[in-house]
Structure formats: structure tokens, C-alpha cells
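A.B. asks: Let's see this in three dimensions:
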Amino acid sequence: MILFLDTESYSECDIKRGTYRYASDPSTEVTLLTYAIDAKTVKCWDLSKLQGMPKDLELALDKVYAGEATIAAHNVMHDRIMLRDVLGHDIPISRWVCTMGLALAHSLPASLAELGRVLGLPADMQKDKDGKRLINLFCKPRPKNCKARRADHYSHPEDWQLFVDYAIRDVETMRRCFWKLPSWNGHTDREVWELDQRINDRGFAVDVEFAQAALLADRKHKLGLSAQMAAATGGVVGSATQRTATLEYINRLMPAGWELPDLTSSRVEMLLADTEPGTVLHELLSLRLDASSTTAAKYKVVVASETGGRLRGGLRYCGAARTGRWSGRIFQPQNMARPSQKEHTILQGIEALKLGVEELVVDDMTATLTSALRGVIIAPPGKKLVVADLSNIEGRVLAWLAGEEWKLQAFRDVDAGRGHDLYVLAYSRSFGVTPEAVLENKTSGDGKMRQIGKVMELALGYQGGVNAFDSMAAIYRLDLEGVDLQCIVNAWRKANPKIRAFWYDMENACKRVLMGAEPVRVGNIRVSKEGRWLRLLLPSGRSLCYPSAKLEDGKITYMGQDQYTRKYTRKWKRLETYSGKIAENLAQAVARDIMAHGMLVAEARGLEVVLTVHDELLTETVDGTVDTLVQCMSAVPTWATGLPLAAAGFETTRYKKG
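C.D. replies: Numbers count the residues shown, from 1 in each chain. Down below sits the predicted model:
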């Protein structure tokens with residue numbers, strides 16, 4: 001038996017503060033619980049009318065508790081926590097199935113409205129467009145200019161009935177989506193999904209005192225910047241955060257024929273670099289760049305969203321399109337800037353902020369707040385943070401998938417403490433010089449050989465060309481004057497023939513099955529067409545999915561969300577892919593499966609996983625060690641025989657960049 005369920009609620013707490021904070025707020029209450037048992041009629045339990053739980057729902061929940069039934073919801077984490085913390089029903093994670101998780105695991109949209117449309121549900125089954133108005137009416141406090149603080153079934157009876165109807169349609173939509181969704185990754189990745197739920201329940205400890213101090217210091221700093229801006233402009237611009245006035249004033253100071261189109265950080269930085277220090281224009285640009293820092297927003301999230309000194313719900317399962325990697329929620333731990341300060345300077349700044357004496361210690365407030373952000377994550381009393389990072393996991397996986405044996409052996413040698421590092425060997429093998437010559441160039445020459453080897457490895461593995469190499473070289477400030485970039489690209493590809501062949505073999509295999517061929521194997525990847533899906537079966541048993549894939553003018557296209565538009569305006573549209581992009585998706589997907597395996601092993605060894613940030617794992621423990629975590633993350637799954645894995649890490653009481 002399957003119990004389909006959805007909750008609607010009222011709270012004075014903003015849901016953007018996260019489910020856990022929302023559910024713990026004293027004002028939060030469940031108003032509607034809509035449910036259906038298997039294919040039976042959808043019903044609504046209206047708790048606002050103080051009705052007791054319907055008997056059929058009570059019996060269904062008893063079966064769920066007994067392990068005789070499954071409970072399905074869209075975004076299980078929210079409904080599970082609402083049932084647990086608000087209604088007192090602590091249903092084990094193992095009993096739940098999440099339609100949003102299934103959708104994301106198969107490269108489909110997370111939004112129920114969009115999912116219903118993509119799966120081709122009839123228009124009357126798709127999420128009601130009037131729902132947003134009804135949610136704003138009944139789930140949040142009324143605006144301050146309204147007489148009544150809250151709308152309900154007494155004040156708006158007709159709208160309340162529409163709200164009930166909307167909630168019923170939600171469950172109908174979710175149930176239909178459940179029946180139409182593929183189950184490939186739902187079975188294969190079940191253990192990982194359950195671990196994801198436990199990690200989100202656990203959350204990570206945060207230094208609330210430090211976050212509050214950082215916000216106070218940021219406010220004082222921004223006031224100072226505004227005062228400087230007003231002084232520099234003679235009062236014309238009253239605040240460093242005033243966009244229009246600042247832009248107009250800056251353009252008055254620009255040379256004839258020049259105009260700054262907007263105040264995006266990248267444009268301001270570029271202009272600042274070309275502006276003479278000591279001028280009014282240079283001062284205004286510096287003030288604007290400083291004032292535009294958004295780091296304080298993350299500290300604000302910590303203060304607003306923590307519960308009991310921990311921030312919960314910070315990860316989204318399969319949040320990264322197609323590959324299945326985790327993405328961040330609320331605090332967005334995947335999106336933290338690289339520190340510009342040394343660790344001892346960061347720690348001094350944190351202590352000064354907490355003591356309220358930052359003026360005596362901190363020279364650059366924005367740099368300190370940005371560099372210290374990771375430090376808001378701490379070990380709870382009696383425990384320590386053990387952190388480790390997989391070493392060059394994508395490069396290793398790509399070489400393993402392609403069978404580039406010389407590179408795999410290079411990784412094994414490095415892991416064993418012998419041989420030369422990969423960047424030395426990359427240049428050596430590409431240009432026919434000895435590794436010793438590359439090392440000599442590093443110590444007594446200009447050091448370009450190893451740097452070129454590094455940039456080649458980072459930029460060219462996914463069929464990157466001249467532009468990709470040039471962009472990566474700029475990041476590492478590699479001087480390319482007089483260098484033939486096409487020659488570098490060609491040399492790397494010649495030195496990596498198996499990887500180069502893997503790109504085109506994968507693309508050709510995908511095209512063949514899309515034209516009707518039987519499933520094809522490329523190395524340890526099985527390529528098939530399942531209905532309208534292009535399905536790449538990974539070694540782990542999980543699938544990389546491309547919905548509605550087909551060939552158009554010889555190119556592989558599929559339906560997906562455009563990742564290059566703003567988050568809230570991403571459209572479900574037809575996208576193109578190619579050999580190098582497919583190889584990148586595969587390498588990142590397998591790297592994710594390696595990370596997931598390491599997380600499961602770490603949990604089994606008593607290391608409590610609290611966060612994953614890219615290829616890094618954060619755990620809390622009383623007596624576990626870095627060596628233990630490194631062993632867990634380096635443990636080769638049975639399906640990845642021959643893949644060399646390595647990790648390195650550290651122990652700390654305050655998170656930092658390793």
C-alpha cells in the first residue's frame with residue numbers, strides 16, 4: 001500500500017529560513033493534510049476546523065509504522081519534518097518515497113508544477129496556477145495594513161474551499177507523477193537518499209555568536225563606506241549601495257566617449273584595475289566594490305535559520321543537473337569564496353569580531369568576513385571536525401573510464417610516494433621531454449613547463465580547445481606570450497589517445513542508439529535508449545539520464561533546464577550536448593558515486609557525515625581520525641576495480657580551507 005500525502009501550513013516564520021527552523025517555530029501549524037491511499041479518492045483532513053484525524057488515515061499511518069505500507073510525498077524532507085515536529089508523527093525515513101528526489105535523480109525538474117507539465121499530465125492535473133495566491137493568503141500573516149492578522153476559513157470561506165481543492169489537486173498531481181517517473185535510480189540509489197535525509201536532519205554546528213558579531217561588524221562597515229561615499233561626492237550619493245546615483249556619478253567622471261553600463265562586480269573590478277589610484281574615480285569604484293559584497297547574507301542565514309546551534313537541511317539530493325551531485329540549500333555551502341587571508345589572520349579576525357574589538361585588529365573588513373565564512377561551521381562541544389578531500393577525483397575517473405593506463409599508473413605512483421606528479425608528466429609526455437627537464441625548469445627556469453602541464457590537465461580533459469586553455473591559463477596567471485595554444489592542445493590530445501577516443505566513442509554510441517541500434521557498451525558504460533530516454537548505465541548501477549533525447553541535424557539534443565540562466569527563470573528547453581560534455585557528465589557522475597560510497601563507509605565506521613562540499617567530506621566525531629576518514633573515502637567500491645583513489649584531510653574545531 002502507498003499513502004500519498006501533502007501538508008499545507010500557516011506560520012509567521014518565513015519558509016525561506018528552511019524547513020527545520022520553520023517547523024520549530026511556535027506559530028507554525030498544519031492546516032490541511034491531503035492524502036490518498038493507492039488509487040482511491042484524494043481526501044483532505046482540515047485541521048483548522050479542529051476535526052480529529054480521519055479513521056482511514058489513522059489506519060494507513062499504522063500500516064506505515066508497521067512497515068506494511070510506504071508513504072510518498074513531493075519533497076519528503078518538508079512533509080516528514082512537519083509531521084514529526086508539528087503533528088508528532090515520527091515516521092522512519094525508510095518508509096518514505098520522494099517524488100522530487102526521484103525527479104531530480106532522473107534529470108527532471110524539482111518543481112511539482114513543472115514536473116507535471118514535463119511528464120505530460122492533462123492540464124486539469126497540473127499544479128493550479130492560482131495556488132500561489134492562495135498560499136500567500138492562508139499560509140502567511142496578512143500585510144500590516146489589513147485589519148485581520150490572518151486569513152482563514154471564517155474570513156475567506158470561498159477562497160478556503162479553493163485552497164482545499166488546490167491541495168487535493170496537488171496530491172492528484174504528485175500521485176500521477178509517481179506512477180509516470182522512472183524507477184532506475186530510485187532503487188539503485190535508495191541507501192544514499194536515506195543517508196541524505198539523515199545528514200539533513202543532523203545538520204552541522206554553527207558559531208551563532210560569531211555570525212551575529214559578523215553581521216554587526218558588517219553593518220558598521222557599510223555605514224562607514226556610505227559616509228565615505230557621501231564625502232567623496234559632496235553628498236550627491238548618500239550611500240555606497242545606491243546603484244543608480246552611484247552609476248550616474250561615476251559616468252560623469254569617465255573620459256569622453258566612455259560609459260560604465262552597470263555596476264556588476266566584474267565590470268567594476270576591470271575598470272578599477274585601469275584607473276589611477278588616488279583619483280576620485282578610483283575611490284568611488286573601490287567603495288562600490290567593497291559595499292557590493294554579499295558575504296554578510298550568509299551570516300544572516302546562519303542567524304535566521306539555525307535551530308539549537310545547528311543549521312539543518314543544507315543539502316539537496318541530486319541537486320546538480322544529471323550528474324547527481326549534491327547542491328546547497330539555505331546557507332549554500334557549495335558556494336563559498338576562496339579565502340584571501342592566511343589561517344592565523346582569519347582566526348585572529350574571528351576572535352576580534354566576537355570580542356567587538358575588530359577595529360584594533362582587522363585592516364580589511366570585507367576580506368576578513370569573506371575569508372572567515374567557513375569558520376562559522378564548527379565542531380559541537382565534545383567533538384571535533386574531521387575533514388577530507390578526494391584527490392583529483394575527476395581526472396582519475398576520466399582516465400579510468402577511458403582506460404588511459406599511463407595516467408592511472410602515474411596516480412598509483414604518486415599515491416605510493418614514488419614517481420613524478422601528474423602535471424610534470426603531462427608536460428613531459430606531451431612534448432617529449434624528460435620529467436627531470438620539467439623539474440629543472442621549475443627550479444632554475446621560468447617554471448612554465450609544469451604550469452602548462454597543470455593547465456592542460458585542468459582545461460583539456462573534456463575536449464577543451466584553445467579558448468578553454470586560454471581561460472584556465474588566465475586563472476593561474478600563466479603568461480602565454482609567444483605560445484602556440486593550438487600546438488599545446490594537439491600535444492595533450494596526442495599524449496592522451498584513450499581519453500580522446502573515449503570522447504568520440506561515447507558520442508557515436510549515443511547517436512547509434514538514438515537511431516535505433518541495440519544497447520552499446522563503451523568501456524564499462526552501457527548506452528541504451530529506453531522509450532524517450534537516452535540512458536547511460538554507470539558502473540555503480542546508477543543511470544545518467546537524458547530525457548526526450550533525439551538527433552537533430554546530426555546533433556544530440558535532449559530536454560533539460562538551462563543552467564546558464566538565472567535560477568528562478570530557468571526554462572525547460574531543448575539543449576545540445578556533444579562528446580566532451582558527455583564525458584564530463586560521466587566523470588562527474590562517477591565521482592559523485594565514489595563520494596557517496598565513501599560517505600556510507602564513513603557512517604559505518606562511526607564518523608557522522610554533516611556536509612559534503614564538492615569533493616570534500618565533513619564529519620563529526622569524538623575519537624575518529626583523519627586516517628580513518630581517508631581510508632573510508634579511498635576505499636575502492638567493488639564496481640570500480642582498478643580505479644586509484646586517494647584523499648587527504650585534517651582535524652579541526654572550526655572549518656577552514658584545506
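A.B. asks: what sits up against stretch 431-446?
C.D. replies: Under the criterion CB atoms under 8 Å, 6 or more residues apart in numbering, residues 420, 424, 425, 427, 428, 447, 448, 449, 450, 453, 491 lie in contact with stretch 431-446. (C-beta placed from N, C-alpha, C; glycine too.)
A.B. asks: Show me how far that stretch is from its chain's centre.
C.D. replies: Its chain's C-alpha centre and that of stretch 431-446 lie 39 Å apart, by CA atoms, centre = their mean, to the nearest Å.
A.B. asks: Could I get the buried residue list for it?
C.D. replies: 431, 435, 437, 438, 439, 441, 442 (16 or more other CB atoms under 10 Å).
A.B. asks: In a markdown table: these, plus pLDDT.
C.D. replies: Below are the buried residues of stretch 431-446 laid out as a markdown table (pLDDT from 0 to 100):
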| residue | pLDDT |
| --- | --- |
| 431 | 93 |
| 435 | 92 |
| 437 | 91 |
| 438 | 91 |
| 439 | 89 |
| 441 | 88 |
| 442 | 82 |
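A.B. asks: What about those residues, which are in helices?
C.D. replies: 431, 435, 437, 438, 439, 441, 442 (DSSP state H).
A.B. asks: Just put those residues in TSV and tack on distance to residue 201.
C.D. replies: Listed next are these as TSV, based on distance: CB to CB, whole Å:
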residue	distance to residue 201
431	53
435	49
437	55
438	49
439	50
441	52
442	48
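A.B. asks: Closest to residue 524 out of the residues you listed?
C.D. replies: Closest approach to residue 524 among those (CB to CB): residue 435, at 30.2 Å.
A.B. asks: Report the contact partners of the residue most central in space within the chain.
C.D. replies: The residue lying closest to the centre of the chain (CA atoms, centre = their mean) is residue 327, at 1.9 Å. The contact partners of residue 327, by CB under 8 Å, 6+ apart, come to 315, 316, 319, 320, 334.
A.B. asks: Dihedrals phi and psi, it?
C.D. replies: In terms of degrees, to the nearest 10, the main-chain angles of residue 327 are phi -120, psi 170.
A.B. asks: Would you quantify the distance from it to residue 491?
C.D. replies: Applying CB to CB, to the nearest Å, the value for residue 327 to residue 491 is 36 Å.
A.B. asks: can you check residue 114 too?
C.D. replies: Relative to residue 491, residue 114 is positioned 45 Å away (criterion: CB to CB).
A.B. asks: Which among the contacts of residue 327 count as buried?
C.D. replies: 315, 316, 319, 320, 334.
A.B. asks: For residue 554, the count of nearby residues, please.
C.D. replies: Neighbour count for residue 554, taken as other CB atoms under 10 Å: 6.
A.B. asks: Look up the closest residue to it, ignoring the ones flanking it.
C.D. replies: Distances taken as CB to CB, 6 or more residues apart in numbering put residue 511 closest to residue 554, at 8.0 Å, once the chain neighbours are dropped.
A.B. asks: Pretty sure that neighbour sits against residue 553.
C.D. replies: No: with contact defined as CB atoms under 8 Å, residue 511 does not reach residue 553; the gap is 12.0 Å.
A.B. asks: Endpoint to endpoint, stretch 370-378 covers what distance?
C.D. replies: End-to-end distance for stretch 370-378, by CA to CA, to the nearest Å: 16 Å.
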